[in-house]
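In: next come a sequence and a model predicted from it.
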Amino acid sequence: MHEPKIAVELFEVSKSYGYLQALKSVTLTIDKGAFLAFLGHNGAGKTTLLKIIATHIAPSSGTVNLFGENALKNGGEIRRKIGLVTHISFLYDELTIKENLLFYANLFSVKEENFLDIIEFLGLKQWYNVPVKHLSHGLRKRADIVRALIHNPDLVLLDEPFTGLDTNTCDVLLRYFKSQKEKGMTLLLSSHSIEWTKKLCAEGIVLEKGKLIDKRSLRG
């Protein structure tokens, strides 16, 4: 059986919260290996769209297929292929980076040696046994990204990954994800930071008031 070439297929996806319609009939196809940015003002629907693709919330209507499978019917299996980083850290403050990562690794039956290279790459080795509550925002973000990548997901979703980070941390993340693109990772991100986004993504999808209004090149 051949591997599907399409990572994400959305058809007429809408999402309402009471009277507020956060997404309006979004139809979109994203190829495997694409690095794509969702762009737009606050309230445009970027975060909602990422959460639906991540299967964290269900659409009010429409179809979501990930890697050729219906994400609503096969959510448990599909989630094993996804890594998600949001504004909210999923790390436990009282635990060290190592203890946090071993906890999540256990959920996916991943051994510690499988993610030590990422720890090294992201410059976290000297902080490995430090409780998360003592980390700077940038170091915590790096650790949360390791947490999201611990099971080697095929699809990575990043919600405002550069917000509040210093230039050095942004550079480290940029280099890491560029290295993963060569291995076939599919990456979707939402961001207000066009400067950093266009260094990582060649194309952007523009959302406005829940509608997909444009797809544009971010280069040249």
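Out: Looks like it came in fine.

In: skipping its backbone neighbours, what lies nearest residue 15 in space?
Out: Of all residues not flanking residue 15 in the chain, residue 23 sits nearest, at 4.3 Å (CB to CB, 6 or more residues apart in numbering). Using the backbone N, CA and C atoms, a C-beta is placed for each residue, glycine as well.

In: verify the stated contact: the one you found with residue 44.
Out: No - the criterion here is CB atoms under 8 Å, and residue 23 misses it with residue 44 at 9.6 Å.

In: what's the overlap in contacts for the two?
Out: residue 210 (CB atoms under 8 Å, 6 or more residues apart in numbering).

In: check contacts around the residue positioned nearest the centre of the chain.
Out: For the chain, the residue nearest the mean C-alpha position is residue 157 (1.3 Å; CA atoms, centre = their mean). Taking CB under 8 Å, 6+ apart, we find residue 157 in contact with 50, 53-54, 82-85, 187-189.

In: what is the neighbour count of residue 217?
Out: Neighbour count of residue 217, defined by other CB atoms under 10 Å: 10.

In: quick one: it from residue 201, how far?
Out: According to CB to CB, to the nearest Å, residue 217 and residue 201 sit 10 Å apart.

In: of residue 23 and residue 44, which one has the most company?
Out: Shown here are residue 23 and residue 44; by other CB under 10 Å, residue 23 has more neighbours (25 against 22).

In: okay, and the more buried one sits in which element?
Out: Residue 23 is part of strand 20-31 when elements are defined by DSSP states H and E.

In: buried residues in the longest helix along the chain?
Out: Counting by DSSP state H, the longest helix found in the chain is helix 167-181. Judged by neighbour count using 16 or more other CB atoms under 10 Å, the buried positions of helix 167-181 are 169-170, 172-173, 176-177, 180.

In: in what element of secondary structure is residue 139 found?
Out: helix 137-149.

In: tell me the mean pLDDT for that helix?
Out: Mean pLDDT, helix 137-149: 93.

In: rewinding a little: just the buried subset of the contacts of residue 157, written out for PyMOL, thanks.
Out: In PyMOL, this line selects whichever of the contacts of residue 157 come out buried by 16+ other CB under 10 Å:
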select buried, resi 50+53+54+82+83+84+85+187+188+189
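
In: among the contacts of residue 157, which are in helices?
Out: 50, 53.

In: let me have the contacts of residue 157 in CSV, adding distance to residue 142 as columns.
Out: Shown next, in CSV, are the contacts of residue 157 (distance: CB to CB, whole Å):
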residue, distance to residue 142
50, 20
53, 23
54, 20
82, 19
83, 14
84, 16
85, 10
187, 16
188, 19
189, 16
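
In: so which of the contacts of residue 157 are in strands?
Out: Among the contacts of residue 157, the ones falling in strands (DSSP state E) are 82-85, 187-189.

In: CA atoms of the helix or strand of the chain with the lowest mean pLDDT as CSV?
Out: Lowest on mean pLDDT, DSSP states H and E among the helices and strands of the chain sits helix 75-78, with a mean of 80. C-alpha atoms of helix 75-78 as CSV (Å, rounded to 0.1, in the frame of the first residue of the first chain):
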residue,chain,number,x,y,z
GLY,A,75,-8.4,10.5,16.3
GLY,A,76,-6.5,8.2,18.7
GLU,A,77,-4.3,6.7,16.1
ILE,A,78,-3.9,9.9,14.1
